[in-house]
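**Q** Sequence first, predicted coordinates after that:
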Amino acid sequence: MTRLSVNINKIATLRNARGGNNPDVIKTAIDCERFGAEGITVHPRPDERHIRYSDVMELKDRVTTEFNIEGYPDDRYVEIIDKARPAQATLVPDGPHVITSNAGWDTIRHQSFLVDITRQLHKLGARVSIFVDPDVKMVEGAAKAGADRVELYTEPYASLYHTNKDKAVKPYIEAAKVARELKLGLNAGHDLDLHNLEFLAKSIPWLDEVSIGHALIADALYLGLENTIRLYLRALQ
């Protein structure tokens, strides 16, 4: 079964908008696990506009499922991985001022850089996942860089899903098949929700993990966090 990792960045965004500790990011992470989530994802950015460095350091001792830390792999990120020692480090190519990840790595152009950073993170005990577009060549490049997994960037799938879901999923199936042939684990994330998630999971039954934040937290405002997590888990089954 595909694992659900809940990205709690938006909980931190809401807390930071008012100051104080409401909502409580750490308690939310613990509750997500208690409600059935199989992982917690964070993306600590340099400006700390949502998840803060201190959140990561506290979460590392509280997450009991699987801790996934996303980020651009600069020196700061490597230091965070060194201190937090998460199960998974997900490398994304966006700079510090990008609102949200909006493209995958060019794993051919940045091959030598990704080889070096992957080697460093492996020494720190992290499984390395590289964020890529659904492009066979990019998947192959990630394998050559030494990655353990790729995470397919699913915003294009989500955008096309409601008009032509078969066309939307086709490049993802092709990329996923190549990942499996290369013995890469497979993750997916970005704009996945209760409308499009089930079809993706059924189309790629060997998908290891999805990381979902914005849509899941938005749904929780109407449906409640526990009920929302259970609905997402049901979609993955």
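**A** Great, that's in hand. Residues are numbered from 1 along each chain as shown.

**Q** From here on, just use CA atoms for contacts and neighbour counts.
**A** Noted.

**Q** Secondary structure element holding the residue positioned nearest the centre of the chain?
**A** Per C-alpha atoms, centre = their mean, the C-alpha nearest to the average position across the chain is that of Ser211, at 4.1 Å. Secondary structure from DSSP states H and E places Ser211 in strand 209-212.

**Q** swap in Asp94?
**A** Judged by DSSP H and E, Asp94 forms part of no helix or strand.

**Q** In this structure it contacts Asp74, no?
**A** No - here Asp94 lies out of contact with Asp74, judged by C-alpha atoms under 8 Å, at a distance of 11.1 Å.

**Q** mind listing the helices for this protein?
**A** Taking DSSP state H to define them, one finds helices in the chain at 9-18, 25-34, 53-59, 75-84, 111-123, 136-144, 155-161, 165-181, 197-203, 214-223, 225-236.

**Q** Where does pLDDT dip in the protein?
**A** Within the chain, the stretches with pLDDT under 70 are 95-101.

**Q** picking up where we left off before, and the helices of the chain, which is most packed in?
**A** Burial of the helices of the chain is given as mean neighbour count (mean count of other C-alpha atoms under 10 Å); helix 136-144 ranks first at a mean of 22.

**Q** returning to what we had before: more crowded one of Asp94 and Asp74?
**A** Asp94 (17 against 11; other C-alpha atoms under 10 Å).

**Q** can I get the helices of the chain in JSON lines with distance to His190?
**A** As requested, the helices of the chain are exported to JSON lines (distance: least, C-alpha to C-alpha, whole Å):
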{"stretch": "helix 9-18", "distance to His190": "13"}
{"stretch": "helix 25-34", "distance to His190": "19"}
{"stretch": "helix 53-59", "distance to His190": "21"}
{"stretch": "helix 75-84", "distance to His190": "21"}
{"stretch": "helix 111-123", "distance to His190": "22"}
{"stretch": "helix 136-144", "distance to His190": "17"}
{"stretch": "helix 155-161", "distance to His190": "5"}
{"stretch": "helix 165-181", "distance to His190": "13"}
{"stretch": "helix 197-203", "distance to His190": "11"}
{"stretch": "helix 214-223", "distance to His190": "9"}
{"stretch": "helix 225-236", "distance to His190": "14"}
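
**Q** Can you tell me which of the ones you listed is nearest to Gly189?
**A** Gly189 lies closest to helix 155-161 among these, at 7.9 Å (C-alpha to C-alpha).

**Q** which helices and strands does that closest one pack with?
**A** On a contact count with 3 or more C-alpha pairs under 8 Å, 6 or more residues apart in numbering; DSSP states H and E, helix 155-161 meets helix 165-181.

**Q** so the helix it packs on versus helix 136-144, what angle?
**A** Orientation of helix 165-181 against helix 136-144 (axes from the mean of the first three to the mean of the last three C-alpha atoms, to 10 degrees) gives an angle of 30 degrees.
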